[in-house]
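1. What follows is a predicted structure for the sequence shown.
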Amino acid sequence: MGIGNIRKRMWILNKIALFKKLGLSITEIKDCLKSDGATASSILRRKEQELESDEKRKVVFDLYIKGADTDLINEKLAVIEAEDSI
């Protein structure tokens, strides 16, 4: 195994470690390693959307804890689910 091959493998292992620390799944890591960067941008957008949705659900859960009306909670959840499906 030549030095160039070792360097390439080390580069790949470093990328894998970085992606894992960022919370990417094995499939996402594989896709990032095979692509030019477009996949990473796509994953970032999806993760941002997931975080926004989680934050909205957290707000609704807080309403539940504070004893808000179940109909209001269901309405807000329906809106979140509709936004998630877009």
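-> Sure thing, it's come through.

2. what's the helix or strand for residue 19?
-> Taking DSSP states H and E as the criterion, residue 19 maps to helix 3-21.

3. and what of residue 72?
-> helix 70-84.

4. burial of residue 42, as a residue count?
-> The local packing of residue 42 (other C-beta atoms under 10 Å) involves 14 other residues. C-betas here are computed from N, CA, C, even on glycine.

5. Could you report the distance from it to residue 32?
-> Distance, residue 42 to residue 32, using C-beta to C-beta, to the nearest Å: 10 Å.

6. And for residue 67?
-> Relative to residue 32, residue 67 is positioned 44 Å away (criterion: C-beta to C-beta).

7. So between those two, which is more surrounded?
-> residue 32 (22 against 7).

8. And that one, what's its pLDDT?
-> What the model reports for residue 32 is a pLDDT of 91.

9. where does it fall, phi/psi-wise?
-> Phi and psi for residue 32, reported as degrees, to the nearest 10, are phi -70, psi -40.

10. for the one 5 residues further on, same thing?
-> Reported as degrees, to the nearest 10, the phi and psi values for residue 37 are phi 130, psi -20.

11. Report the separation between it and residue 12.
-> In terms of C-beta to C-beta, residue 37 sits 15 Å off from residue 12.

12. out of these two, which sits in the busier spot?
-> The neighbour comparison of residue 37 against residue 12 (other C-beta under 10 Å) goes to residue 12, with 11 against 8.

13. The more buried one reaches residue 33, doesn't it?
-> Yes: if you go by C-beta atoms under 8 Å, residue 12 and residue 33 touch, sitting 6.6 Å apart.

14. in the longest helix that the chain contains, what counts as buried?
-> Longest helix of the chain, by residue count under DSSP state H: helix 38-65. Using 16 or more other C-beta atoms under 10 Å as the test for burial, helix 38-65 gives 39, 40, 43, 56, 60.

15. Same list (the residues you listed) but as CSV, adding pLDDT and distance to residue 50.
-> As requested, the buried residues of helix 38-65 are exported to CSV (pLDDT from 0 to 100; distance: C-beta to C-beta, whole Å):
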residue, pLDDT, distance to residue 50
39, 88, 16
40, 88, 15
43, 91, 10
56, 96, 11
60, 96, 16
